[in-house]
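In: no sequence on this one, just coordinates:
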Ligand SMILES: [Zn+2]
């Protein structure tokens, strides 16, 4: 026949099984375990009133009940912590059916974008891309390219000199020498990269800008190859209708040398007030020429056996022309409103 300890045990078990919240947990503790009003401590208080022979076994059974209640309390508390944790986790898991946040997508900067376009054209013509140091030996930047010591470019005010015999390269041309020394003809390379000159920044100058250099060296290379290559390139870049003209010029590293103009891509020579060509109808776009024999020798190539042509152009200038920019510095201001428009 169950006595009050058995009855209380049944209540304790039922109550423990029903704990769902912190309040339930607190209620359980107060009802069964609290020293003052708890039902289990209450049973202990009855011991002195019992016949002496029953006290021991009664006390032992109440003690067991208390241990059971404490264990159930502990388990419910742990379980509650776990379910609270799961609940929190559930709340923090985003709903995968909601539409995502759109992150702004970056785009290629206008300078490398043009540079890559030019590289593509020459890669299709079988050229390789070459690279060289931006901190360059004075020898490679000037002497090896047949630029004499008295040349104005070698003055302090035009070039960033970096310690004894070194400078920030003023053009990508020193890579021609490095490439000729490393490769055997036939050589067909283009060299994109940064160059530096001590210019004050203004709408048409920045102290750092981008060039692309080209070099071809092989047996029997002549001016017709240069002309055909550059015409093909400029039509690919500016459109099939583009007309190309060569004007005699002078560079220390090429002989003969030519400036290359294209017909104005904006007005085609039809607008006497054209903002881009000023009504001339032509725009100077690059410098070129047959590689000077002295430069071939600097590259370890015999000018009696080989000849070559070279050309160089400013990427910033091409970008300005193609995009109708009036100020070269737009490329370097990191202004989002400008870059957004260049997409
Ligand atoms: Zn024009």
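Out: Yep, it's here. Quick caveat: nothing in here was measured; it's all calculated off a predicted structure.

In: residues making contact with stretch 61-80?
Out: Contacts of stretch 61-80 from elsewhere in the structure, counted by Cβ atoms under 8 Å, 6 or more residues apart in numbering, are 5, 8-9, 12-13, 16, 19, 21-22, 24-25, 28-29, 32-33, 40-41, 43-44, 47. In short, each C-beta sits where N, CA and C put it, glycine included.

In: Show me how far that stretch is from its chain's centre.
Out: Going by Cα atoms, centre = their mean, to the nearest Å, the spacing between the C-alpha centre of stretch 61-80 and its chain's C-alpha centre is 60 Å.

In: Next: stretch 201-215.
Out: 22 Å.

In: low pLDDT regions in the stretch 51-200 of the chain?
Out: Within the stretch 51-200 of the chain, no stretch has pLDDT under 70.

In: show me where it has helices.
Out: Here the stretch 51-200 of the chain has its helices, by DSSP state H, counting those that start in this stretch, at 52-92, 110-124, 138-141, 174-182.

In: So which of the contacts of stretch 61-80 belong to strands?
Out: Among these, no residue falls in strands (DSSP state E).

In: re earlier: between the helices of the stretch 51-200 of the chain, which gets nearest to the ion?
Out: helix 110-124 (19.6 Å; Cβ to the ion).

In: Just the residues contacting the closest one, thanks.
Out: 108, 129, 190, 192, 210, 212, 214, 233, 236-237, 313, 315-316, 318-319, 322-323, 331, 339, 342.

In: List the buried residues in it.
Out: Neighbour counts using 16 or more other Cβ atoms under 10 Å place 110-111, 113-115, 118-119, 121-122 of helix 110-124 among the buried residues.

In: out of those residues, who's near the ion?
Out: Among the buried residues of helix 110-124, not one lies near the ion by Cβ under 5 Å from the ion.

In: TSV for these, including distance to residue 275?
Out: What follows is these, written out as TSV (distance: Cβ to Cβ, whole Å):
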residue	distance to residue 275
110	19
111	22
113	23
114	20
115	25
118	24
119	29
121	27
122	30
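
In: from the residues you listed, which single one is nearest residue 260?
Out: For these, the residue nearest residue 260 by Cβ to Cβ is residue 118; the value is 14.0 Å.

In: Now the buried members of the contacts of stretch 61-80.
Out: When neighbours are counted using 16+ other Cβ under 10 Å, the contacts of stretch 61-80 contain these buried positions: 8-9, 12, 16, 19, 25, 28-29, 32-33, 40, 43.

In: Okay, and which of those residues map to helices?
Out: Those of the buried ones among the contacts of stretch 61-80 mapping onto helices are 8-9, 12, 16, 25, 28, 40, 43, per DSSP state H.

In: now, among those, which is nearest to residue 293?
Out: Of all these, residue 293 sits closest to residue 25, with 96.1 Å by Cβ to Cβ.

In: The closest residue to residue 310 other than its chain neighbours: what secondary structure?
Out: Nearest residue to residue 310, sequence neighbours excluded (Cβ to Cβ, 6 or more residues apart in numbering): residue 215, at 4.8 Å. Residue 215 carries the three-state label strand when classified by DSSP: H, G, I helix; E, B strand; the rest coil.

In: count of residues packed around residue 215?
Out: For residue 215, the neighbour count with other Cβ atoms under 10 Å is 26.
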